[in-house]
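In: output the structure for:
(chains A and B, ligands or ions: 1)
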Amino acid sequence: MQPDAQRDIYFDHAATTPVDSRVVEAMLPYFAERFGNPSSHVHSKGVEANQELDQSRASAARLINAPAETIIFTSGATEANNLAICGYLEANRERGKHLIISEIEHYSVINLCLKLRREGYDLTLLPVDKLGLVHPDKLHAAVRRETALISIQHASSEIGTIQNIKELAAIAGEAGVFFHSDAAASAGNIPVDVVDLGVDALTVSAHNFYGPKGVGALYLRPGAKLEAQIIGGFQERGYRSGTENLAGIVGMAKAAELALAEMPQRREHLTVLQQRLWNGLSQKYEFLHFTGHPSERLPGHVSFWLEYIEGESLLLFLNVYGIQTASGSACASNMRGQDEHDLAASHVLTAVGVPAEYCSGSLTVSMGKDNTEDEVDYFLQIFPQVVERLLAMSPLWADKLKGKNPYQ
Amino acid sequence: MPEGASPYSKKVMDHFVNPRNMGEIADATVVADVGNPACGDMMRLYLKIENGIIVDAKFKTFGCGAAIATSSMLTEMLKGKSLEDAKSISNQAVAEALDGLPPVKMHCSVMAEEALLKALEQYNRSQEQKPESFEV
Ligand code: FES
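Out: So this is what the prediction gives:
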């Protein structure tokens, strides 16, 4: 197989997914025809919009086996994470000032909690093991009398690892501590059942399962108290004011219905692709190291790092050949930054023990329902060519060939 | 070579995909290694200098697209230059020759400038150490 200019292979579904055409179709009437404001209770357009909002809420709730009234629609996962954490702390100030999160949380959790720490909260960052798992014993040991909240993500978009949330939430439950889980990477891709998991709050993101961007949801267990973070009218039971993004919400609901109905086939297909890619890479290079858990991982997700090669140049070269992937390398971290101080290697990779000087060669390949085996084969053809070209440029590889350890 | 949308200029991508003077000079006059503390990257510059003229320049670089492209451009600019002229090549000049770099990537061109300065320094030192009888 030769490099092909016409290829457009999208292997970055952990960043975002394309909106399913059936979702787009479901959304379209809500721009110009059924444009009503759900808060206009009295006239027809408003009533119609309100009914659609209710139905959408029920569909979104079904995806995570929750009652409809527990769903708060938000502008996405970042807002849902912020609402869960700040909202809970503000509404439950008597609960103490200690927070527990894992080291590998999304920025919308980790940076928020670092801010709270600057404001006087005590923060425990739970370490993860080499495979990216939070150890229940570690959580157990970290919980204190003054612990107010625990937030641990369900699955990592970067290394693919799925946490045993059920076990972790049970520890929180025993201690009577509020437990939130960011399921942005998992909900819609693998079964997520808030009852079975036993969480108090859970974040969902529509654009991670073929829904539109700009819409997400927070599940909040009945009876839990939350202080609104966006103040205004009465939308979303007052938890989240602002006229609802109805087209987006309808899109999320449709995406949720499709995800629920098609999940078994999607997972099966993605597992085939994942195995194919994994097998194709695993024997090839002694300097390729997989990251994340080998079995407890998101379907279609393969992540690894390479010695001697830098990640951004890897991404650029793959893109030249029509393959779009992601990297946790510092160089690839923030193209829009002001200067080099805005660059940092992924905190997730350093947390799973990838030495900082190696983080630079990381790659995350996240496949989606519409990818094909042929695309995986194309990747497996192109990848070695790209690796070879970059090795030829690498002074570190040159040293290694001469028998020196370039990392010393 | 196919071309996807890129955060870099066409010239940067051209030098990244088809780097000029990539490789080693077996009988190089000087070899300079510089590291980039911001992201753990590295450039190795080889110069062959004859009678005060840089007759050949090659590089190996471990780093991002900007680092590779600036390495490539630097070696292009160096070839055939007198040491005196080479001294005045700044990282801005290299970046400009590539039609600019994103702000966050300017430090990668600094790595190229540092490699050049280090190589020239090494050369000067080696010249100073030479016994006088060798001078023509
Ligand atoms: S070498 Fe790291 S950002 Fe350019």
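
In: okay, now A:Val24: neighbour count?
Out: For A:Val24, the neighbour count with other C-beta atoms under 10 Å in any protein chain shown is 14. Using the backbone N, CA and C atoms, a C-beta is placed for each residue, glycine as well.

In: which SSE is it in?
Out: Per DSSP states H and E: A:Val24 is located in helix A:21-27.

In: please state the offset of that helix from the chain centre?
Out: 23 Å (C-alpha atoms, centre = their mean, to the nearest Å).

In: please apply the same query to stretch A:315-323.
Out: Using C-alpha atoms, centre = their mean, the offset of stretch A:315-323 from its chain centre is 23 Å.

In: and the helix or strand B:Glu121 falls within with the ligand, contact?
Out: Taking DSSP H and E as the criterion, the element that holds B:Glu121 is helix B:106-129. Yes: Helix B:106-129 is in contact with the ligand by C-beta under 6 Å from any ligand atom, via B:Cys108.

In: so which bits of that helix are buried?
Out: Under the neighbour-count criterion of 16 or more other C-beta atoms under 10 Å in any protein chain shown, helix B:106-129 has B:106-116, B:118-120, B:123 buried.

In: out of the helices and strands in the chain, which is least certain?
Out: You didn't pick a chain, so chain A it is. Ranked by mean pLDDT, DSSP states H and E, the weakest helix or strand in chain A is helix A:356-359, scoring a mean of 65.

In: not quite, go with chain B.
Out: Of all helical and strand segments in chain B, the minimum by mean pLDDT, DSSP H and E falls on strand B:30-36, at a mean of 91.

In: tell me the angle it makes with helix B:106-129.
Out: Calculated by axes from the mean of the first three to the mean of the last three C-alpha atoms, to 10 degrees, strand B:30-36 forms an angle of 150 degrees with helix B:106-129.

In: got the angle between whichever helix or strand comes after strand B:30-36 and strand B:30-36?
Out: As assigned by DSSP H and E, the chain's next helix or strand after strand B:30-36 is strand B:41-50. Interaxial angle, strand B:41-50 versus strand B:30-36 (the same axes, to 10 degrees): 160 degrees.

In: buried sites along the helix or strand following strand B:41-50?
Out: With elements assigned by DSSP H and E, the helix or strand that comes after strand B:41-50 is strand B:53-62. Across strand B:53-62, burial judged by 16+ other C-beta under 10 Å covers B:54, B:56-62.

In: which SS state does the residue minimising distance to the centre of chain A fall under?
Out: Residue closest to the average C-alpha location in chain A (C-alpha atoms, centre = their mean): A:Ala185, at 3.2 Å. When classified by DSSP: H, G, I helix; E, B strand; the rest coil, A:Ala185 comes out as coil.

In: got phi/psi on it?
Out: Dihedral angles of A:Ala185 (phi, psi; degrees, to the nearest 10) stand at phi -80, psi -20.

In: ok, which stretches of the stretch 51-200 of chain A are helices?
Out: A:77-91, A:107-118, A:136-142, A:165-175, A:194-197 (DSSP state H, counting those that start in this stretch).

In: the ligand: which of the ones you listed is closest?
Out: The minimum distance between the ligand and those falls on helix A:107-118, with 19.5 Å, by C-beta to the nearest ligand atom.

In: and the closest one, how far out from the chain's middle?
Out: For helix A:107-118, the distance to the chain centre is 17 Å (C-alpha atoms, centre = their mean).

In: angle of that helix against helix A:77-91?
Out: If you take the same axes, to 10 degrees, helix A:107-118 sits at 30 degrees to helix A:77-91.

In: residues in chain B within reach of the ligand, list them.
Out: Residues of chain B lying near the ligand by C-beta under 6 Å from any ligand atom: B:36, B:39, B:41, B:63-64, B:66-67, B:105, B:108.

In: the least confident helix or strand of chain B near chain A anywhere?
Out: Yes: applying C-beta under 8 Å from any C-beta of the partner chain, one finds strand B:30-36 in contact with chain A at B:Asp33.

In: could I get the buried residue list for that strand?
Out: For strand B:30-36, a neighbour-count test (16+ other C-beta under 10 Å) marks B:30-32, B:34, B:36 as buried.

In: can you redo the helices of the stretch 51-200 of chain A as JSON lines with distance to chain B?
Out: Shown next, in JSON lines, are the helices of the stretch 51-200 of chain A (distance: least, C-beta to the nearest C-beta, whole Å):
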{"stretch": "helix A:77-91", "distance to chain B": "22"}
{"stretch": "helix A:107-118", "distance to chain B": "17"}
{"stretch": "helix A:136-142", "distance to chain B": "29"}
{"stretch": "helix A:165-175", "distance to chain B": "34"}
{"stretch": "helix A:194-197", "distance to chain B": "38"}
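
In: quick revisit: helices and strands around the least confident helix or strand of chain B, which ones?
Out: Counting contacts by 3 or more C-beta pairs under 8 Å, 6 or more residues apart in numbering or on different chains; DSSP states H and E, strand B:30-36 packs against strand B:41-50, helix B:106-129.

In: got the ones you listed as CSV, with distance to A:Lys284 and mean pLDDT columns?
Out: Shown next, in CSV, are the helices and strands packed on strand B:30-36 (distance: least, C-beta to C-beta, whole Å; pLDDT from 0 to 100):
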stretch, distance to A:Lys284, mean pLDDT
strand B:41-50, 24, 95
helix B:106-129, 29, 93
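
In: in TSV: the ones you listed, plus distance to A:Lys254.
Out: Formatted as TSV, those follow (distance: least, C-beta to C-beta, whole Å):
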stretch	distance to A:Lys254
strand B:41-50	45
helix B:106-129	44
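
In: returning to that earlier point: for the least confident helix or strand of chain B, C-alpha coordinates in PDB please.
Out: As requested, the backbone C-alpha atoms of strand B:30-36 are provided in PDB (Å, rounded to 0.1, in the frame of the first residue of the first chain):
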ATOM      1  CA  VAL B  30      32.700  20.700  14.500                       C
ATOM      2  CA  VAL B  31      29.700  18.900  15.900                       C
ATOM      3  CA  ALA B  32      27.500  20.700  18.400                       C
ATOM      4  CA  ASP B  33      24.700  19.300  20.500                       C
ATOM      5  CA  VAL B  34      22.100  21.500  22.100                       C
ATOM      6  CA  GLY B  35      19.100  20.500  24.100                       C
ATOM      7  CA  ASN B  36      15.800  22.300  24.500                       C
END
